[in-house]
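A.B. asks: Based on what follows, work out the 3D shape:
(chains A, B and C)
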Amino acid sequence: MVNLRNISFSYHRYDGKEALPLFSDLNFSLGSLENALIVSPPDSGKSTLSRILCSLATRHNEGVVTGEMSIFNTNLLTTMPWDLTDIVTLVSQNSSEQLMMSSCGEEIAFPLESLALPQKEIHRRVDEALHSWDLLRYKERNPQELSGGEQKRLLLAVADALDTPLWVLDEPFDNLDTQWREKLVDLLTSKKRSVIVFASRFLPIYEELFHAYYYLDEKGLHHSDSKQLSEMDPLMPLPKVTTSVPHLSNIQMKTLQCKNVHIDHTTPSSDSKALFHLSVPHFELHKDEVVALVGPNGSGKTTFSRHLCGLQALQEGSITINNELIDQFRLKREVGYLFQNPDFGLFLPTVREELIYAHRFNKDLTSQQKKEMVHTCASMYHLDVDAHPTMMSYGSRKGVQAAIYHLLNRPFIILDELDSGVTYQRACEIVSLLRSRGSTLLVITHDPMFAQHIADRQYSIVDGAMIETEVGS
Amino acid sequence: MRVSTSKSLSATHIALTAVLTAVVVVFTLIVRVPTPIKGYISLCDVIIAFSAYLFGPWVAFVAGGLGTGLADFIGGYPQWAPLSFVIHGVQGLLIGLIARKKDNVGMFIDAKLIRLVFAGVVGVVVMSGGYYLAGGVLYGFKTALVEIPLNVLQSTVGFIFGIIVMKALLKAYPAVRLLRR
Amino acid sequence: MNTNLYINQSGVLYRFDPRAKLLMLVVLSIVLFLPLSLHVLWLCVVISMLTALVVGRFRSSLRPLKTILLLLILMVIFAPLSERGGTIAFVIYRNIYVTNEALEALSRLASRLITITYLFTIVMWTTTISEMNLAFQWYGLSYKGSLIMSLAFRFVPSIADSFTTIQQAFELREEGPEKRKKRMRDVLPTVIAALVVAIKSIPYVAMNLEHRGLGRDQKRSRYKELETKRSLVVHLVIALIIPACIAFVGICW
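C.D. replies: Predicted structure coming up:
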């Protein structure tokens, strides 16, 4: 039985401004053996709430929690997280961040050691859990070598081995193949425990799995139903961009072509470090368009992108821009790449400094002009110029990343998994803004609906080959 | 084996030390800056000094010692691991002891620049002196003399950039102060 | 980044208890500093190189030598500078001569260095990191220390990856022509960004550890441990006898 009453949470702030509550006056209750689904748009606090349920959020100075919380009549506010190890298990959204040990067996054994179980019992549970999730052959392997889906299965195996009465799962169906989704559905309907699932979007598979459906946003936690939830975060029309950043040099629109490119790439997991092959017979980016690139995990999208922006040299095939063969080093100045993780590259104290950084040696602009440029750009992306980029929300950090590129001169920009971790609205905003700059965009995504909404053309990776397909397939 | 609760087994302390140790390993093996004198200098001393200034002597001792030891091991020259462990461990420990300033509550607070520099210089002496003595025993004192300029350069660059990086990090990511218990 | 230098095969050295292996390594290293005869020292070199040949493949058995090659060359070059006041062995040029004593010192230092290098490498090839961790614990390393060691080992590849990716993100962010020289100042942004990413992960690592039960009042049980069987005593005795024999023979010869 989980009970939350009048829960408020606010993050610490380091810039002297008043702490805005992430959520306030939140109420939630769950009976034993019941399941609940909480849908929450990105950056609304779902991961924080999932950690609060395990008594984790306040210990590491994330912020302050007030209210009353209890799980199975244990007061969460006064209980240490390690005393909840046999009561609640959390499976985070980002699997690799939750994995601590150097072998899969040890990963499962670690919490069992904490519970002081006898050695024989630990070995039995480890083997059983690994077997149940088909990971027995990875028992001595390093979890970091596993694919995203296998890592998620490993975390679920840990939950299985602990067999706690409450599971808190953050985006559990992410990265799982059909076979394992079905197993998870079985676990949810088995009535052996309570499960709270957090998700950023309602998936059809959630239908009829839960006793209660909720929606979490900055106003609080609201009861909902599956129909309402499936209509949240709709794909709105792409926003029109009316302002433009002053003093920026115009981007010369160009076309890019790949011919007969063949790429060998490795992908984590599988029993061998086999080389996979991606062939790209013909790939084109025209002026002023948005192209989507869709393909399953491990199909080589990221490796292809790295070749396209000059981080890796082509072994076979050619890349031309405006029909001129272009070398690896010039590619870096023509093709930009927004990594999926926006933190790769943030190091300055304020947004203003990050945006000015590329223009620090630019002698064509006065410092007043540079300031105007930066301020206009920041407001277009809804960023506070004085904020610390490293401490902003995920969606804002993605915005900083995009704003940085907005101020560069890149005829082509690759956006890797832009829509993961941000709302559709934010993602579409970024696409519109970068497009208004004059760049041609290549958007890598898993989501065919998103692709259909924003792209003019689409390439899909099918059986190791990249071919042009219908948008949204 | 008794496991004590609360502070001594604090998970934050363990996590902090482990991550910094891994950063030292990476900086010893991957991050190299070309120099005119002898090819490359490794940047491990930057992180050792940084850890000492920001987090104190014990964290720097483990990060410096275990980090460089592991790096030697992973890099394929395990015979130096025990030496690196002792020398860089003591380097981190001393820099931390000298540069550390605690307030009434026991939290580390920013020391004055002069103190940081003095601590760094002691680190230079320990590191290059330590390698000179160990090297002398292992391969002759005259031969060990050759390494001294390089080691002095590496550890001096190390603490100077340790100070720069520390100040830049405090500005870029103020929340790091919360780890300084 | 390849953090695994363990060569996965079977053999006598693999069955040798890691605690005994560490003991023998330490004692042997100390013995090599005793006044042994040069013959015995060079015999040790031969034996250790042959062992490396058996354990590693042919090409990798020369790798330890390559790591100290430059050092050996330097030692040879500096030989004329040591032990000046002895009997001259030969003259190189006018005042630059090499004494017999210098040659002996060089021989002693070189053989010792090569042997130690090979001994450490062989132990590294035949012992996994987790075995070593368990052995250290048996010798007194606290649980906290061993946990730090295994966590650090786990984080090295991911921090290394984020470092190289961050470096690339910065390369892509520059305007203007590709810079020729890489100076210290250019590495700074990457260093700071990489540190931010690493430090940001610390609270999450701590949360994971606590969530998985670190800090409970009960004493932790053990998933893996080195058993204390009677064979351990045998191994430990062997670990002491071999260096003792070498010491005995070396001093008396």
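A.B. asks: Every contact and neighbour count from this point should use C-alpha atoms.
C.D. replies: Fine.
A.B. asks: what about chain A, any weak spots by pLDDT?
C.D. replies: A:14-17, A:61-62, A:268-274 (pLDDT under 70).
A.B. asks: Run through the residues that contact A:F28.
C.D. replies: Residues near A:F28 by C-alpha atoms under 8 Å, 6 or more residues apart in numbering or on different chains: A:V2, A:N3, A:L4, A:R5, A:L221.
A.B. asks: ok, which stretches of the stretch 201-350 of chain A are strands?
C.D. replies: With DSSP state E, counting those that start in this stretch as the criterion, the stretch 201-350 of chain A has strands at A:212-217, A:220-224, A:256-266, A:275-285, A:290-294, A:316-321, A:324-325, A:335-338.
A.B. asks: Any idea how far the shortest one is from the middle of the chain?
C.D. replies: So the one you mean is strand A:324-325. Its chain's average C-alpha position is 36 Å from that of strand A:324-325, according to C-alpha atoms, centre = their mean, to the nearest Å.
A.B. asks: Give me the residues contacting it.
C.D. replies: So strand A:324-325 is contacted by A:S318, A:I319 (C-alpha under 8 Å, 6+ apart).
A.B. asks: That one pairs with which strands, and in what direction?
C.D. replies: If you go by DSSP bridges, strand A:324-325 pairs up with strand A:316-321 (antiparallel).
A.B. asks: Quick one: the helices in the chain, in order.
C.D. replies: Going with chain A. A:46-52, A:95-98, A:104-114, A:119-132, A:148-162, A:178-189, A:226-230, A:301-308, A:328-334, A:351-356, A:367-380, A:394-406, A:424-436, A:448-454 (DSSP state H).
A.B. asks: actually chain B
C.D. replies: Using DSSP H, helices in chain B cover B:11-29, B:44-55, B:57-75, B:81-99, B:113-139, B:141-172.
A.B. asks: looking at the helices of chain A, which is buried most?
C.D. replies: Stretch with highest mean neighbour count among the helices of chain A: helix A:104-114 (a mean of 26; mean count of other C-alpha atoms under 10 Å in any protein chain shown).
A.B. asks: counting contacts, what elements does that helix pack onto?
C.D. replies: Helix A:104-114 sits against helix A:119-132, helix A:148-162, with contacts defined as 3 or more C-alpha pairs under 8 Å, 6 or more residues apart in numbering or on different chains; DSSP states H and E.
A.B. asks: Of all the helices of chain A, which one comes closest to C:S150?
C.D. replies: Ranking those by proximity to C:S150 (C-alpha to C-alpha) places helix A:104-114 first, at 10.8 Å.
A.B. asks: max-length helix in chain C?
C.D. replies: Criterion DSSP H: the longest helix present in chain C is helix C:143-173.
A.B. asks: Just want the angle from the helix or strand just after that one to helix B:44-55.
C.D. replies: Where DSSP states H and E defines the elements, the next helix or strand beyond helix C:143-173 is helix C:184-211. Angle, helix C:184-211 to helix B:44-55, by axes from the mean of the first three to the mean of the last three C-alpha atoms, to 10 degrees: 50 degrees.
A.B. asks: if I look at the closest residue to C:V156 other than its chain neighbours, how far off is A:E107?
C.D. replies: Once flanking residues are discounted, C:V156 sits nearest to B:A22: 4.9 Å by C-alpha to C-alpha, 6 or more residues apart in numbering or on different chains. Using C-alpha to C-alpha, to the nearest Å, we find B:A22 at a distance of 19 Å from A:E107.
A.B. asks: Equivalent analysis for B:V146, please.
C.D. replies: In terms of C-alpha to C-alpha, B:V146 sits 47 Å off from A:E107.
A.B. asks: burial count for C:F170?
C.D. replies: 19 (other C-alpha atoms under 10 Å in any protein chain shown).
A.B. asks: for the residue of the stretch 151-253 of chain C found nearest chain A, phi and psi?
C.D. replies: Residue of the stretch 151-253 of chain C nearest chain A, by C-alpha to the nearest C-alpha: C:G213 (4.1 Å). C:G213 adopts backbone torsions of phi 100, psi 10, taken as degrees, to the nearest 10.
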